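>>> From the sequence below, what's the structure:
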Amino acid sequence: MSEFEGKVVIVTGAGQGIGREYALEFARRGAKVVVNDLGTSVDGREGENLADRVVAEIRTAGGTAVANHGSVADKDDAKAMADQAVEEFGRLDILINNAGILRNRTYKNTPLEDIDLVLQVHLLGTCYVTHAVWPIMLKNNYGRIVLTSSISGIHGAFGQSVYGTAKMGMLGLMNGLALEGKKYNVRINCVAPGADTRMTALIEEAGIDPDAPRPEMHPKLIAPAVLFLTSEEAPSGIVIHASGNNYYRTETIANPGITLTTDATYEDLVAQKTKLLDLSEFAVRGEDWNFDAFNF
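Residues are numbered from 1 along each chain as shown. A predicted model of the protein is given here:
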(Lines give C-alpha, C1' and ligand atoms only; values in the text may rest on other atoms or scores of the structure.)
Protein backbone atom coordinates (compact mmCIF):
# COMPACT_ATOMS: atom_id res chain seq x y z
CA MET A 1 0.00 0.00 0.00
CA SER A 2 1.22 3.49 -0.85
CA GLU A 3 2.24 5.70 2.07
CA PHE A 4 -0.14 8.31 0.60
CA GLU A 5 -3.15 5.98 0.71
CA GLY A 6 -6.03 7.77 2.45
CA LYS A 7 -4.10 11.01 2.95
CA VAL A 8 -5.99 14.21 2.19
CA VAL A 9 -4.14 16.66 -0.03
CA ILE A 10 -4.89 20.20 -1.15
CA VAL A 11 -3.16 21.26 -4.36
CA THR A 12 -3.61 24.90 -5.33
CA GLY A 13 -3.42 25.93 -8.96
CA ALA A 14 -4.02 22.33 -9.97
CA GLY A 15 -6.03 22.93 -13.13
CA GLN A 16 -3.14 22.60 -15.56
CA GLY A 17 0.57 22.07 -15.83
CA ILE A 18 2.62 21.16 -12.79
CA GLY A 19 -0.30 21.41 -10.34
CA ARG A 20 -2.38 19.03 -12.40
CA GLU A 21 0.46 16.52 -12.40
CA TYR A 22 0.71 16.76 -8.60
CA ALA A 23 -3.02 16.12 -8.21
CA LEU A 24 -2.98 13.16 -10.58
CA GLU A 25 0.06 11.58 -8.95
CA PHE A 26 -1.28 11.88 -5.40
CA ALA A 27 -4.61 10.43 -6.56
CA ARG A 28 -2.89 7.50 -8.30
CA ARG A 29 -1.30 6.66 -4.97
CA GLY A 30 -4.60 6.59 -3.11
CA ALA A 31 -4.73 10.12 -1.72
CA LYS A 32 -7.94 12.14 -1.64
CA VAL A 33 -7.34 15.40 -3.44
CA VAL A 34 -8.88 18.86 -3.20
CA VAL A 35 -8.16 20.28 -6.65
CA ASN A 36 -8.06 24.05 -6.38
CA ASP A 37 -7.97 26.29 -9.41
CA LEU A 38 -9.46 29.73 -9.90
CA GLY A 39 -9.50 29.13 -13.63
CA THR A 40 -7.63 32.23 -14.74
CA SER A 41 -5.03 32.52 -17.45
CA VAL A 42 -1.39 32.60 -16.42
CA ASP A 43 -1.44 36.40 -16.11
CA GLY A 44 -4.45 36.25 -13.76
CA ARG A 45 -7.03 37.55 -16.23
CA GLU A 46 -9.67 35.63 -18.22
CA GLY A 47 -10.97 32.44 -16.71
CA GLU A 48 -11.80 28.86 -17.62
CA ASN A 49 -13.21 26.02 -15.53
CA LEU A 50 -10.21 23.77 -15.04
CA ALA A 51 -10.51 22.24 -11.57
CA ASP A 52 -13.61 20.24 -12.55
CA ARG A 53 -11.78 18.74 -15.53
CA VAL A 54 -8.97 17.44 -13.34
CA VAL A 55 -11.45 16.08 -10.80
CA ALA A 56 -13.28 14.25 -13.59
CA GLU A 57 -9.97 12.85 -14.82
CA ILE A 58 -9.11 11.57 -11.35
CA ARG A 59 -12.55 10.03 -10.79
CA THR A 60 -12.52 8.35 -14.20
CA ALA A 61 -9.26 6.69 -13.21
CA GLY A 62 -10.86 5.45 -9.98
CA GLY A 63 -9.49 8.10 -7.65
CA THR A 64 -11.14 10.47 -5.19
CA ALA A 65 -11.17 14.23 -5.65
CA VAL A 66 -13.29 17.34 -5.25
CA ALA A 67 -12.98 20.71 -6.93
CA ASN A 68 -12.41 24.06 -5.29
CA HIS A 69 -12.69 27.26 -7.31
CA GLY A 70 -11.54 29.74 -4.68
CA SER A 71 -8.77 32.29 -4.95
CA VAL A 72 -5.69 31.77 -2.79
CA ALA A 73 -5.41 35.56 -2.66
CA ASP A 74 -8.74 35.83 -0.84
CA LYS A 75 -8.54 35.19 2.90
CA ASP A 76 -12.04 33.76 3.13
CA ASP A 77 -11.51 31.50 0.13
CA ALA A 78 -8.27 30.22 1.64
CA LYS A 79 -10.03 29.36 4.89
CA ALA A 80 -12.91 27.73 3.00
CA MET A 81 -10.42 25.55 1.12
CA ALA A 82 -9.07 24.06 4.34
CA ASP A 83 -12.59 23.68 5.75
CA GLN A 84 -13.74 21.90 2.60
CA ALA A 85 -10.98 19.32 2.88
CA VAL A 86 -11.96 18.47 6.46
CA GLU A 87 -15.70 18.50 5.74
CA GLU A 88 -15.37 16.30 2.65
CA PHE A 89 -12.77 13.83 3.89
CA GLY A 90 -12.57 14.22 7.67
CA ARG A 91 -8.93 15.21 7.80
CA LEU A 92 -6.16 17.23 6.16
CA ASP A 93 -2.60 15.98 5.81
CA ILE A 94 -0.80 17.73 2.97
CA LEU A 95 -0.84 21.16 1.36
CA ILE A 96 0.88 21.95 -1.93
CA ASN A 97 1.01 25.71 -2.53
CA ASN A 98 1.35 25.81 -6.30
CA ALA A 99 -0.99 28.57 -7.53
CA GLY A 100 0.62 31.53 -9.22
CA ILE A 101 0.59 34.07 -12.03
CA LEU A 102 3.28 35.88 -13.97
CA ARG A 103 3.65 39.41 -15.28
CA ASN A 104 7.00 39.20 -17.05
CA ARG A 105 8.37 42.76 -17.30
CA THR A 106 11.52 44.62 -16.36
CA TYR A 107 11.13 46.55 -13.14
CA LYS A 108 11.04 49.97 -14.81
CA ASN A 109 8.13 48.80 -16.99
CA THR A 110 6.18 47.14 -14.15
CA PRO A 111 3.16 49.14 -12.97
CA LEU A 112 2.50 49.22 -9.24
CA GLU A 113 -0.76 47.36 -9.82
CA ASP A 114 1.19 44.37 -11.18
CA ILE A 115 3.50 44.43 -8.18
CA ASP A 116 0.50 44.28 -5.88
CA LEU A 117 -1.12 41.44 -7.82
CA VAL A 118 1.95 39.22 -8.13
CA LEU A 119 2.79 39.56 -4.45
CA GLN A 120 -0.87 39.07 -3.49
CA VAL A 121 -1.22 35.81 -5.40
CA HIS A 122 2.18 34.25 -4.79
CA LEU A 123 3.35 35.44 -1.40
CA LEU A 124 0.18 36.47 0.44
CA GLY A 125 -1.85 33.71 -1.21
CA THR A 126 0.63 31.14 0.04
CA CYS A 127 0.55 32.72 3.49
CA TYR A 128 -3.27 32.73 3.56
CA VAL A 129 -3.72 29.06 2.63
CA THR A 130 -0.86 27.93 4.87
CA HIS A 131 -2.34 29.97 7.74
CA ALA A 132 -5.68 28.24 7.20
CA VAL A 133 -4.26 24.71 7.38
CA TRP A 134 -1.66 25.38 10.08
CA PRO A 135 -3.89 25.03 13.19
CA ILE A 136 -5.43 21.85 11.77
CA MET A 137 -2.03 20.28 11.32
CA LEU A 138 -0.75 21.37 14.72
CA LYS A 139 -3.83 19.93 16.40
CA ASN A 140 -3.37 16.63 14.58
CA ASN A 141 0.38 16.52 15.25
CA TYR A 142 0.91 15.84 11.59
CA GLY A 143 1.30 17.83 8.41
CA ARG A 144 3.34 18.23 5.27
CA ILE A 145 3.49 21.54 3.38
CA VAL A 146 5.28 22.46 0.17
CA LEU A 147 5.82 26.06 -0.91
CA THR A 148 6.73 26.87 -4.50
CA SER A 149 9.87 28.93 -4.82
CA SER A 150 11.80 29.59 -8.02
CA ILE A 151 15.28 29.98 -9.39
CA SER A 152 14.05 33.44 -10.41
CA GLY A 153 14.24 34.45 -6.76
CA ILE A 154 17.02 32.21 -5.50
CA HIS A 155 19.46 33.08 -8.30
CA GLY A 156 17.67 35.89 -10.13
CA ALA A 157 16.17 36.21 -13.59
CA PHE A 158 15.98 39.18 -15.94
CA GLY A 159 12.50 40.66 -16.11
CA GLN A 160 11.23 38.76 -13.08
CA SER A 161 12.22 40.97 -10.17
CA VAL A 162 8.75 41.10 -8.59
CA TYR A 163 8.03 37.42 -9.22
CA GLY A 164 11.47 36.62 -7.79
CA THR A 165 10.73 38.74 -4.71
CA ALA A 166 7.64 36.67 -3.99
CA LYS A 167 9.46 33.41 -4.62
CA MET A 168 12.38 34.27 -2.37
CA GLY A 169 9.86 35.15 0.32
CA MET A 170 8.91 31.48 0.39
CA LEU A 171 12.26 30.66 1.94
CA GLY A 172 11.64 33.06 4.82
CA LEU A 173 8.22 31.55 5.48
CA MET A 174 9.63 28.05 5.29
CA ASN A 175 12.53 28.76 7.62
CA GLY A 176 10.28 30.16 10.34
CA LEU A 177 7.55 27.53 10.08
CA ALA A 178 10.02 24.65 9.99
CA LEU A 179 11.04 25.71 13.51
CA GLU A 180 7.47 26.28 14.72
CA GLY A 181 6.20 22.98 13.35
CA LYS A 182 9.06 20.75 14.45
CA LYS A 183 7.61 19.43 17.71
CA TYR A 184 4.21 18.86 16.03
CA ASN A 185 5.58 16.70 13.19
CA VAL A 186 4.59 19.39 10.70
CA ARG A 187 7.27 19.58 8.03
CA ILE A 188 7.52 22.34 5.46
CA ASN A 189 9.78 22.59 2.44
CA CYS A 190 10.20 24.47 -0.84
CA VAL A 191 10.28 23.13 -4.36
CA ALA A 192 11.78 25.25 -7.12
CA PRO A 193 10.38 23.76 -10.34
CA GLY A 194 11.46 24.08 -13.93
CA ALA A 195 9.24 22.67 -16.67
CA ASP A 196 7.56 23.46 -19.97
CA THR A 197 4.33 25.12 -18.84
CA ARG A 198 2.00 27.99 -19.72
CA MET A 199 4.05 30.22 -17.44
CA THR A 200 7.46 29.47 -18.91
CA ALA A 201 5.97 29.75 -22.41
CA LEU A 202 5.47 33.48 -21.74
CA ILE A 203 9.24 33.89 -21.95
CA GLU A 204 9.39 34.17 -25.74
CA GLU A 205 13.11 33.47 -26.12
CA ALA A 206 12.61 30.09 -24.44
CA GLY A 207 10.59 28.86 -27.42
CA ILE A 208 8.40 26.63 -25.24
CA ASP A 209 5.18 24.94 -26.37
CA PRO A 210 3.23 23.98 -23.23
CA ASP A 211 1.02 21.66 -25.28
CA ALA A 212 4.05 19.69 -26.43
CA PRO A 213 6.53 19.72 -23.52
CA ARG A 214 10.00 18.35 -24.11
CA PRO A 215 10.36 14.89 -22.51
CA GLU A 216 13.17 16.10 -20.24
CA MET A 217 11.11 19.15 -19.15
CA HIS A 218 7.69 17.58 -18.76
CA PRO A 219 5.68 18.93 -15.79
CA LYS A 220 5.20 15.39 -14.46
CA LEU A 221 8.91 15.27 -13.58
CA ILE A 222 8.41 17.78 -10.75
CA ALA A 223 6.03 15.42 -8.92
CA PRO A 224 8.71 13.02 -7.58
CA ALA A 225 10.37 15.88 -5.68
CA VAL A 226 7.06 17.02 -4.20
CA LEU A 227 6.11 13.51 -3.12
CA PHE A 228 9.50 13.18 -1.44
CA LEU A 229 9.00 16.49 0.38
CA THR A 230 5.60 15.34 1.67
CA SER A 231 6.47 11.75 2.51
CA GLU A 232 6.50 10.20 5.97
CA GLU A 233 10.28 10.60 6.15
CA ALA A 234 10.31 14.06 4.59
CA PRO A 235 12.96 16.53 5.70
CA SER A 236 11.93 19.99 6.87
CA GLY A 237 13.22 23.41 5.96
CA ILE A 238 15.00 22.56 2.72
CA VAL A 239 14.80 23.70 -0.90
CA ILE A 240 14.82 21.13 -3.69
CA HIS A 241 15.16 22.24 -7.30
CA ALA A 242 13.38 20.01 -9.79
CA SER A 243 14.36 21.25 -13.22
CA GLY A 244 12.91 18.70 -15.57
CA ASN A 245 14.65 15.44 -14.72
CA ASN A 246 17.44 17.16 -12.76
CA TYR A 247 17.15 17.49 -8.99
CA TYR A 248 19.41 19.34 -6.59
CA ARG A 249 19.39 21.24 -3.32
CA THR A 250 19.97 24.93 -2.55
CA GLU A 251 21.12 26.07 0.87
CA THR A 252 21.98 29.30 2.67
CA ILE A 253 25.58 29.43 3.84
CA ALA A 254 27.72 31.79 5.90
CA ASN A 255 31.44 32.32 6.12
CA PRO A 256 33.32 32.83 9.43
CA GLY A 257 33.23 36.58 8.94
CA ILE A 258 35.38 39.12 10.74
CA THR A 259 35.39 40.68 14.19
CA LEU A 260 36.21 44.37 14.53
CA THR A 261 36.70 46.54 17.59
CA THR A 262 33.75 48.28 19.24
CA ASP A 263 34.85 51.58 17.71
CA ALA A 264 35.17 50.11 14.21
CA THR A 265 35.03 52.41 11.21
CA TYR A 266 34.27 52.01 7.54
CA GLU A 267 38.00 51.98 6.84
CA ASP A 268 38.52 49.11 9.30
CA LEU A 269 35.92 47.02 7.52
CA VAL A 270 37.28 47.77 4.06
CA ALA A 271 40.75 46.76 5.21
CA GLN A 272 39.41 43.23 5.78
CA LYS A 273 37.00 43.08 2.84
CA THR A 274 38.77 40.09 1.28
CA LYS A 275 38.18 37.98 4.38
CA LEU A 276 34.65 39.37 4.75
CA LEU A 277 33.69 38.25 1.25
CA ASP A 278 35.62 34.96 1.17
CA LEU A 279 33.38 31.88 0.92
CA SER A 280 36.09 29.25 0.72
CA GLU A 281 35.12 28.20 4.26
CA PHE A 282 31.47 28.15 5.24
CA ALA A 283 28.75 26.62 7.39
CA VAL A 284 25.26 25.65 6.31
CA ARG A 285 22.22 27.43 7.70
CA GLY A 286 20.27 25.95 10.57
CA GLU A 287 21.44 23.12 12.76
CA ASP A 288 24.80 22.97 11.00
CA TRP A 289 25.85 26.44 12.16
CA ASN A 290 28.99 26.11 14.28
CA PHE A 291 28.68 28.99 16.71
CA ASP A 292 32.09 28.29 18.25
CA ALA A 293 33.98 28.70 15.01
CA PHE A 294 31.81 31.34 13.37
CA ASN A 295 31.07 34.89 14.41
CA PHE A 296 27.30 34.80 14.58
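>>> and Asp288, what pLDDT?
At Asp288 the predicted local distance difference test score is 54.
>>> do the same with Met217
71.
>>> Would you agree it is in contact with Ala195?
Yes - contact status for Met217 versus Ala195: in contact at 5.3 Å, counting by Cβ atoms under 8 Å. The C-beta positions use only the backbone N, C-alpha and C, and glycine is treated the same way.
>>> Look up the residues that both of the two are in contact with.
Between them, Met217 and Ala195 have Ser243, Gly244 as joint contacts when contacts are counted by Cβ atoms under 8 Å, 6 or more residues apart in numbering.
>>> quick one, which of these two is more surrounded?
Set side by side, Met217 and Ala195 show unequal neighbour counts under other Cβ atoms under 10 Å, the larger going to Ala195 at 23 against 19.
>>> and after the lengthiest helix in the chain, which helix or strand comes next?
Under DSSP state H, the helix in the chain containing the largest number of residues is helix 161-180. On the C-terminal side of helix 161-180, the closest following helix or strand by DSSP states H and E is strand 186-194.
>>> Which elements pack onto that next one?
Packed against strand 186-194 by the contact rule (3 or more Cβ pairs under 8 Å, 6 or more residues apart in numbering; DSSP states H and E) you find helix 125-140, strand 143-148, helix 161-180, helix 223-229, strand 239-243.
>>> nearest to Leu102, of those?
For these, proximity to Leu102 was assessed by Cβ to Cβ; helix 161-180 is nearest, at 5.9 Å.
>>> can you list contacts of the closest one?
Applying Cβ under 8 Å, 6+ apart, the contact partners of helix 161-180 are 102-104, 106-107, 110, 114-115, 118-119, 122-123, 126-127, 130, 134, 145, 147-150, 152-154, 156-157, 186-190, 192, 236-237, 239, 252, 285-286.
>>> does Tyr128 really touch Ala78, like I thought?
Yes - contact between Tyr128 and Ala78 holds when scored by Cβ under 8 Å: they sit 3.7 Å apart.
>>> list residues touching both of those two?
Listed contacts common to Tyr128 and Ala78 are Val72; contacts here mean Cβ under 8 Å, 6+ apart.
>>> So for the two, which residue has more residues nearby?
Each of Tyr128 and Ala78 had its neighbours counted (other Cβ under 10 Å), and the higher figure belongs to Ala78 (25 against 22).
>>> Could you list the buried residues of stretch 1-15?
Neighbour-count burial for stretch 1-15, counted by 16 or more other Cβ atoms under 10 Å, picks out Phe4, Lys7, Val8, Val9, Ile10, Val11, Thr12, Gly13, Ala14, Gly15.
>>> Not counting its neighbours along the chain, what's nearest the third one?
Computed as Cβ to Cβ, 6 or more residues apart in numbering, the closest residue to Val8 that is not its neighbour in sequence is Phe89, at 4.5 Å.
>>> hmm, back to that, please list only the buried members of the contacts of helix 161-180.
Buried positions within these, assessed by neighbour count (16+ other Cβ under 10 Å), are 102-104, 110, 114-115, 118-119, 122-123, 126-127, 130, 134, 145, 147-150, 152-154, 157, 186-190, 192, 236-237, 239.
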